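J.: 3D model of this:
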Amino acid sequence: MIRSYDVYDAIKSTELFRYTYFFFVYDSINDIFHVVHNIPKCDHGCARIHRLATTLSYALRKHFPQRIQQSDTNNNDLVLMLSCGDAPRIKAVCLSSPTNCNDGASVPVLQFGSIFIDSTILANSMIAMPLPVRPHMPCFDEWQVSDGTSLCQDLLPAAAAITTTSHTNAGADLMAVDHLRNDVKGGLPYGVELGIIPSSQIQQQEQQKSSHDYWDTLIQQVIWRGTDFQYLHTMYPKMRPPMYEYDIMPYEKARNTPFANDYNTKRWAIDTLWAMGNEELLLPRWRGVLLTSEAELETGRMSMLEKNSNGQQQSSVLLPWINIKFANVATLGTKIPASEYAEYHTLQEYGISAIGDYISMTEQAKYKYHIDLGGGGGTTWTGTIEKLAMPGLLFHHVTPTKDYFHDLLVPWEHYVPIKDDLSDLREKYDWAESHPIEAKEIAENGTRFARWMGSPDGFGKLYDEFIISPLQKVIMAYIPTAPKQRGKTTLDVILESGNGQFTVVSRCTGLHGTSCIEVGQ
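T.: You can find the predicted model right below:
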């Protein structure tokens, strides 16, 4: 149950936020929407807020015409509070002690990003809205503008980079083109459409030849590729990537052992970086890198022992159980390939396998296990739905935040939950390996959810639940209040209360075919 509020409550709520917090004001006298930022200018979140405001103003006119009406007075004004950070950009004091910020200052906030799972933070006022990137909010906009007749390509099955031709032996055709596919063109990477999972007819033909099905052909490894990026920085300000200069070199001097490119040195370096985790310094994605480094080190040792015992090179290569590496790194506001980052190459000498080659969605779909490691907002925004669509099993990274659709997913039905620090990832992997029937069923349930999300029926229900319903709740919660000073509008009250800090950044009509206009700074 969200609390009632008026414009003065909304103004007070800005005390709890740092930035990416906005007033969304319907000016009923002029029949126009204004977007006001809580800080001067608009250096944070404005590219997103312009697009979001266009969608919201149209949705309000479309679904609440009785409420969004021009009038001679401002008694029909409406003030909604929006946030569009990766996670709510609330002040640190609200995270360290939520009771400090539950004194009545919080009002309902439509958060277009991840929200905190802990409902005591801001007293349950954060309302999870679709994420501002595809395949989320832009797809909802496409749906509403088309009156529910158009699903965006991002939620439909991905088209292969090349198109297969019709042959009598369809199974042979899929095998023939498989090595030519290197990526997908939009959409979600479903196994059937990519030829990884045969259609029912092909599957029947293949099962006559072998008792194994597609699950046994998937690569037996946890795969992840992504960017080395900060993680919930407001909540965990000390977390960072490891650095040779601070985290290995000082201890190496104390170790007083000459560097050697051998098992013992690499084992020592990995253990040294694991010690960062004891001080809550190690980012979750780097925990995955260390798990991978350990797996590669032990697999290499096992291969060497087997080679020595047999007296000859083994015919097959042992595969590490996990393969979490960075394809890119975010540094100084830009993204560069991990292979070009000098720090990674230094760590690589000590057996820290941070550098990974790019692996397309098509190729990742051939793996049996996936993980959606959280980023800046604690979640992946796009990665969860993409990996649910894939044939393999999703190990879902459970963090202090969640996205708008996460509560529709059920642990052990659609995914296998993994702790924030990845401490149970190996245990859950071993469980999946020893319970292939159950693991496959969970994976297929996840894929069915993704297909439902990208169906007219499913997406229509999501639109009702995550666009119309939240808007209706905040409209009902808002109490129009006449300004205390005669002749002032609601917008005047907001701007003057900010003492020059609040800034109008967009204006919108909400009419079909129009976009919000960015107001010059």
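J.: let me see the ranges of the strands in the stretch 1-150 of the chain.
T.: Ranges of strands in the stretch 1-150 of the chain, per DSSP state E, counting those that start in this stretch, are 21-27, 32-37, 78-83, 109-111, 115-116, 126-128.
J.: Serialize these to CSV and add fields for mean pLDDT and mean neighbour count.
T.: In this view, the C-beta of every residue, glycine as well, is placed from N, C-alpha and C. CSV is the format used below for these (pLDDT from 0 to 100; neighbours: other C-beta atoms under 10 Å):
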stretch, mean pLDDT, mean neighbour count
strand 21-27, 96, 25
strand 32-37, 96, 23
strand 78-83, 97, 24
strand 109-111, 96, 25
strand 115-116, 94, 26
strand 126-128, 94, 22
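J.: ok, which of those comes nearest Gln348?
T.: Nearest to Gln348 among these is strand 115-116; the distance by C-beta to C-beta comes to 36.1 Å.
J.: give me the contacts around the closest one.
T.: 87-88, 122, 126-128, 400-403 (C-beta atoms under 8 Å, 6 or more residues apart in numbering).
J.: least confident of those residues?
T.: Lowest pLDDT among these: Leu122, with 83.
J.: nearest residue to that residue in space, ignoring adjacent ones along the chain?
T.: Ser106 (4.3 Å; C-beta to C-beta, 6 or more residues apart in numbering).
J.: burial count for the one you found?
T.: Neighbours of Ser106 under the rule other C-beta atoms under 10 Å: 26.
J.: the residue lying closest to Ala354 once chain neighbours are set aside: neighbour count?
T.: Distances taken as C-beta to C-beta, 6+ apart put Tyr344 closest to Ala354, at 4.7 Å, once the chain neighbours are dropped. If you count neighbours by other C-beta under 10 Å, Tyr344 ends up with 23.
J.: surely Tyr344 touches Thr331?
T.: No. Using C-beta atoms under 8 Å, Tyr344 makes no contact with Thr331, being 10.9 Å away.
J.: return stretch 27-35 as CSV; C-alpha atoms alone will do.
T.: C-alpha atoms of stretch 27-35 as CSV (Å, rounded to 0.1, in the frame of the first residue of the first chain):
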residue,chain,number,x,y,z
ASP,A,27,0.4,21.4,-15.9
SER,A,28,-3.4,21.3,-16.4
ILE,A,29,-3.7,25.0,-17.2
ASN,A,30,-1.3,24.7,-20.1
ASP,A,31,-2.1,21.1,-20.8
ILE,A,32,1.6,20.1,-20.9
PHE,A,33,4.0,17.9,-19.0
HIS,A,34,7.2,19.2,-17.5
VAL,A,35,10.2,17.1,-16.3
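J.: chain center to it, what's the gap?
T.: A distance of 33 Å separates the centroid of the chain from that of stretch 27-35, by C-alpha atoms, centre = their mean, to the nearest Å.
J.: residues making contact with it?
T.: Residues contacting stretch 27-35 (C-beta under 8 Å, 6+ apart): 22-26, 49-50, 53, 56-57, 60, 69-78, 82, 489-491, 504-510, 516.
J.: so of the residues you listed, which ones are in helices?
T.: 49-50, 53, 56-57, 60, 490-491 (DSSP state H).
J.: looking at these, which two lie furthest apart in space?
T.: Maximum pairwise distance among those (C-beta to C-beta): 21.2 Å, between His50 and Thr490.
J.: looking at the two, which is more packed in?
T.: A side-by-side neighbour count of His50 and Thr490, using other C-beta under 10 Å, places Thr490 first with 26 against 19.
J.: PyMOL command to pick out the buried ones of the contacts of stretch 27-35?
T.: Here is the PyMOL command that selects only those of the contacts of stretch 27-35 that count as buried (16 or more other C-beta atoms under 10 Å):
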select buried, resi 22+23+24+25+26+49+50+53+56+57+60+74+76+77+78+82+489+490+491+504+505+506+507+508+509+510+516
